[in-house]
Structure formats: structure tokens, C-alpha cells
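Participant: Need a 3D model of the following:
(one chain, ligands or ions: 4)
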Amino acid sequence: MLLIRGGTVVTAETAHRADVLCDDARRIVAVGPDLEAPSGCDTLDAGGLLVMPGGIDPHTHMEMPFMGSVASEDFYTGTSAGVAGGTTTIIDFVIPEPGHSLLGAWKDWRRKAEKSVSDYSFHVAVTHWDEKVHEDMATLTRDCGVNSFKHFMAYKNALMVDDDVLLHSISRALELGALCNIHAENGDAVAYLQADLLKRGVTGPQAHPISRPPSVEGEAAQRVIAIAGLLGAPIYIVHVSTEEAAAAIAAARARGQRVYGEVLAQHLVIDDSVYADPNWLGAAQHVMSPPFRPKHHQKALWAGLASGQLQTTATDHCCFCAGQKEQGLNDFTKIPNGTPGIEDRMSVLWHHGVRTGKLTPQEFVAITSTNTAKIFNIHPRKGSVSAGADADLVLWDPQASRTVSAKTHHQNVDYNIYEGMTLTGLARYTISGGKIAWADNDLRVTRGAGRYVERPCFSPDMQAAIHRKSTP
Ligand code: URP
Ligand code: ZN
Ligand code: ZN
Ligand code: ZN
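Facilitator: Ligands and ions are numbered 1, 2, ... in the order given. Below you'll find the model as predicted:
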């Protein structure tokens, strides 16, 4: 057992002095002042530290096969890096290969993820539509603990789905009590703009953001919101990066539609000037979709998080090393899309969010953990510090600083997009499943210690409420 003594417990609602007792069955058994240590119990002094629910990253791509490469970070190294940054649960994406079954892909991902050091769960991507998909969605929700399905409106001729697939899949998910995630970018427009740029001889990574301007995201966000509205279904839009998409979500919510929005830490603090880097690799390392945006978009994202119109933060952690990025040396459309960041999300949000007064510590907990647990139906097991919850905690030092570097990070990738950034606020200890997995810069993880987290579907009552709420 482990008794965490003398810290300030911060949840999405409150902050108060309390001890936290964790048992050997990975659970929190008591939270309160001056708890008695059972005999043989280890104690950890949390004086001066904030005791918060471990971070949940709802958007990662460990060892993802993508654009002719496989992401360099695997479930062991990726969850380890997460733990070093205070993240104790990830929700990764199962991406079936073209023509392969959703269920088969889910089994493949289960196998790949067995080496995780902390807990993990899966969204499953729908990349085409047929009877088998219709059936697999039922099996996955009923028997496999999957309650969310992912759809890419971009990546034409690869992962992209059209409106017809969206209609069928969102409607099916509603029937089953699952939630649809959407990558909102107009993939036809991107493909058209990419071809046009290449035809004009513009082949470098500076063309990447030009091929995916903000309106490409704004249009797709509006379209999928309209489709979900027609069906009376809730949706969750991943990596919202523009004021256009943020406004579309806020407007839908004001109409009573249940639309959730996720923001990536990197989009909050890095802007599109990175593509002007005269060093090809420097720019290519920032090729991700949606791309980094002109600075004014960041204001809308922060405002969305602070106001609650946008609810979660993630990383879209998707790592490609120099040799992999170089696949696109002569053609920016062949640079594997993705950036790393799982280790630094919490610190970036504390430093740039809480320390600047944009977010309260409670809001920080909400957007790094609790809201995700609620939206994906694993609250209060995850995202809370309460008796009965999983013993996944971060003991946060709000005053300590570190300078980010690929030389010292734990991510299995050869660069860090926050290189050289000094961040105040860091995970001093991370507790995963009741065990100390990170202590003062010392990683003490165990390969395979993470468990698969089943996420039950939403109840028929909840679905009925959503339906009533979203249909005029
Ligand atoms: O560039 C990105 N984001 N790569 C990962 C796939 C995706 O779109 O989420
Ligand atoms: Zn995406
Ligand atoms: Zn109806
Ligand atoms: Zn992604």
C-alpha cells in the first residue's frame, strides 16, 4: 500500500489538504486529512506538492503505420514518456488497413499495446463502410470496451471518408451508444491544393500549411456538425486548431447540440513561423495536420478552453525521426505527418496556461484529465482523486522548472518541438496503478504493467437525452 501524505489534492472542482491512501489492487481507498498508515504501508511525502489525477491523453498514435512509415514511438517507450510527464492513461487509435476488419485491427492493437507501462484504451477508426463495419461496431461496443469511433475527413485515397460514410457511421454509433471522433479537414480541398502547389514547383515543407489553410478545417468542422445535427448525435472533434472550427463548435453548443472539442498543446504555443525555417528538416519536423497556425488562432483556442467551449487537451503524439521525415525531401506531400509531445503536454499547459492566469489549477485538471474521463465514460474511475478510483496520480511541483530537450527526453524520437523551452511546473512523482513509476527524474516503470481500459457505452437514457437535446 502507499500513503501519500501532506499534499494539496486538486481536482476539477476543489483544492484541499488531504492524504491519499492507495491499496495493492491499484485503487485509491481513502482520501482525507491525517490518514492512518496501515502496517507495512509505504509513505510518500507530498509536502508542497499538488496531488492531481494522472493526465489522460485522449489522442496518441504509438507505432502507427502511416504514410509509408511506422511511428518510431512504441507503446512501451511512449507510455514511459507519458509517465515522466505526469500522464498515466492514453487513448490510442486503432487504424484498420484498407479492406481489413475493425475487429482484426483492434486485436492487432491489443497485442502491440501489451508492453505499455501505464493504462491504455482505444478509439477505432472507420475508414470505409459496409455490412461488416456495421456489425464490427456492435461487437466492439458490446464485447471489447470500445465506445468511440474515429473518422478522418482528410488523407484522400488513404484514411479519408466521405459524407456518406460519416452519415452511416455516426448514425450507427448513436444507435450503439458510442461517440464519434472526427479529424475535420476537407480532404478533397487539401488534395487539390497540394497538386496545384506541386504543379507550380513548390515542393518544400513551407507548402504544407498553404495546402491546408484554416478554412479547410472550418468547412469540415461545420459540415460534420451539420451532419451530426441531422442525426441528433454527439460528436467529438479532435485537434481543433483554428478560430473558425472553435467558433463552429461554440455556435453548435449554443444551439443545444452536443459537440466536444479537443486542443493539442502544441497548437496553443507554436505558430506557423516554424515553416519558414530555412533548414528543411527543421520545417519538416513540424509537418503535422492540421498544421501550425498564425498566432491569432491561439487566442481562440485558449479562450475556448477557459470558457469550457473546448473541453480536452491532447498531443496527437505521432513520432517520425529525421530519416522518416526525409521521405518527403522532394515532395512535401510525402513527409509523414505528425509531431511528438506526450511528455510535455502537462508542463506546457501549466506553464503557459496556469502561470499566465489563463487557467485555474482546477481547470488544468479538468482539461488534462477529468473532462476526457467524462466524455469517454471512464469517470470517476479515471480523472478523479476519490475512494474507489484507479490509483493514477501525479504529484505536481508548481514551482520547479526544466528546460525541454531531445537530449534528455524519454520519447523515442530524435527531436522535440519544444526544444529549449523552459517550463515551470512538472511531475515530481507519477503514480500508476498504485505504484511509483516516476520519482524525481527517475523512471521506475515496468514493461507490461499497464492495463487495457474498457470503456462502456453510454446508457440509453444518456443517448435519449442527447437525441432530445440535439433534434429541434
Ligand atoms: O499529423 C498528424 N496529426 N498525424 C497523425 C494522424 C492524424 O491526423 O491525427
Ligand atoms: Zn488527425
Ligand atoms: Zn430522430
Ligand atoms: Zn491523430
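
Participant: near ligand 1, anything from stretch 256-272?
Facilitator: No - judged by Cβ under 6 Å from any ligand atom, stretch 256-272 and ligand 1 are separated, with a smallest distance of 8.4 Å. Glycine gets a C-beta too; all of them are placed from N, C-alpha and C.

Participant: residue ranges with poor pLDDT in the chain?
Facilitator: Where the chain drops to pLDDT under 70, the residues are 460-472.

Participant: Would you mind finding the longest helix in it?
Facilitator: helix 214-231 (DSSP state H).

Participant: could you say which helix or strand contains the residue of the stretch 351-472 of the chain found nearest ligand 1?
Facilitator: Nearest to ligand 1 in the stretch 351-472 of the chain, going by Cβ to the nearest ligand atom, is Ile417, at a distance of 12.0 Å. Ile417 belongs to no helix or strand when assigned by DSSP states H and E.

Participant: My guess is it contacts Asp271. True?
Facilitator: No - contact criterion Cβ atoms under 8 Å: Ile417 and Asp271 do not qualify, at 11.9 Å.

Participant: returning to that earlier point: show me what contacts the residue of the stretch 351-472 of the chain closest to ligand 1?
Facilitator: Counting by Cβ atoms under 8 Å, 6 or more residues apart in numbering, Ile417 touches Gln266, Ile270, Gln285, His286, Thr339, Pro340, Gly341.

Participant: ok, now which ones touch the fifth one?
Facilitator: Under the criterion of Cβ under 8 Å, 6+ apart, the neighbours of Thr339 are Gln266, Gln285, His286, Met288, Asp316, His317, Cys318, Cys319, Ile417.

Participant: How about the second one?
Facilitator: Applying Cβ under 8 Å, 6+ apart to Ile270 gives the contacts His286, Phe292, Ile417, Tyr418.

Participant: again, only this time at 7 Å
Facilitator: Phe292, Ile417 (Cβ atoms under 7 Å, 6 or more residues apart in numbering).

Participant: Pop out the phi and psi values for it.
Facilitator: When quoted as degrees, to the nearest 10, the phi and psi of Ile270 stand at phi -120, psi 140.

Participant: before we move on, what about the fifth one?
Facilitator: Here is the backbone geometry of Thr339 (degrees, to the nearest 10): phi -140, psi 150.

Participant: And the residue nearest to it when sequence neighbours are not counted, how close does it get to His267?
Facilitator: Spatial nearest neighbour of Thr339, excluding adjacent residues (Cβ to Cβ, 6 or more residues apart in numbering): Met288 at 4.5 Å. Here Met288 is placed at a distance of 9 Å from His267 (Cβ to Cβ, to the nearest Å).

Participant: Partner strands of the helix or strand just after the longest helix of the chain, with direction?
Facilitator: Downstream of helix 214-231, the first helix or strand assigned by DSSP H and E is strand 235-237. Under the criterion DSSP bridges, strand 235-237 sits next to strand 179-183 (parallel), strand 259-264 (parallel) in its sheet.

Participant: Out of those, which gets nearest to His409?
Facilitator: With respect to His409, and counting by Cβ to Cβ, the nearest of the strands paired with strand 235-237 is strand 259-264 at 17.4 Å.

Participant: Check the offset of that closest one from the chain's centre.
Facilitator: Here strand 259-264 is found 9 Å from its chain centre; the criterion is Cα atoms, centre = their mean, to the nearest Å.

Participant: need the residues of the stretch 101-250 of the chain near ligand 1, please.
Facilitator: So the stretch 101-250 of the chain meets ligand 1 at His183 (Cβ under 6 Å from any ligand atom).

Participant: Quick one: the strands in the stretch 101-250 of the chain, in order.
Facilitator: Ranges of strands within the stretch 101-250 of the chain are 119-125, 148-152, 179-183, 235-237, based on DSSP state E, counting those that start in this stretch.

Participant: So which of the ones you listed is nearest Leu49?
Facilitator: Proximity to Leu49, assessed across those by Cβ to Cβ, is greatest for strand 119-125 (22.1 Å).

Participant: Run through the neighbouring helices and strands of that closest one.
Facilitator: On a contact count with 3 or more Cβ pairs under 7 Å, 6 or more residues apart in numbering; DSSP states H and E, strand 119-125 meets strand 87-94, helix 102-112, strand 148-152.

Participant: Throw the strands of the stretch 101-250 of the chain into CSV and include mean neighbour count, thanks.
Facilitator: As requested, those are exported to CSV (neighbours: other Cβ atoms under 10 Å):
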stretch, mean neighbour count
strand 119-125, 24
strand 148-152, 24
strand 179-183, 25
strand 235-237, 26
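
Participant: Relative to Gln222, which of those strands is closest?
Facilitator: Across these, closest to Gln222 is strand 235-237 (Cβ to Cβ), at 10.6 Å.

Participant: contact partners of the closest one?
Facilitator: 170, 179-182, 184, 221, 224, 228, 245, 249, 259-262, 375.

Participant: Give me the distance between it and the centre of its chain.
Facilitator: The answer for strand 235-237 is 13 Å, by Cα atoms, centre = their mean.

Participant: let's number from 519 now, not from 1
Facilitator: Taking 519 as the first residue, the last one we looked at is strand 753-755.

Participant: Correct me if wrong: Gly586 contacts Gly846.
Facilitator: No - with contact defined as Cβ atoms under 7 Å, Gly586 does not reach Gly846; the gap is 9.6 Å.

Participant: So which of those two has more stuff around it?
Facilitator: Gly846 (23 against 10; other Cβ atoms under 10 Å).

Participant: how many other residues sit next to Thr940?
Facilitator: If you count neighbours by other Cβ under 10 Å, Thr940 ends up with 11.
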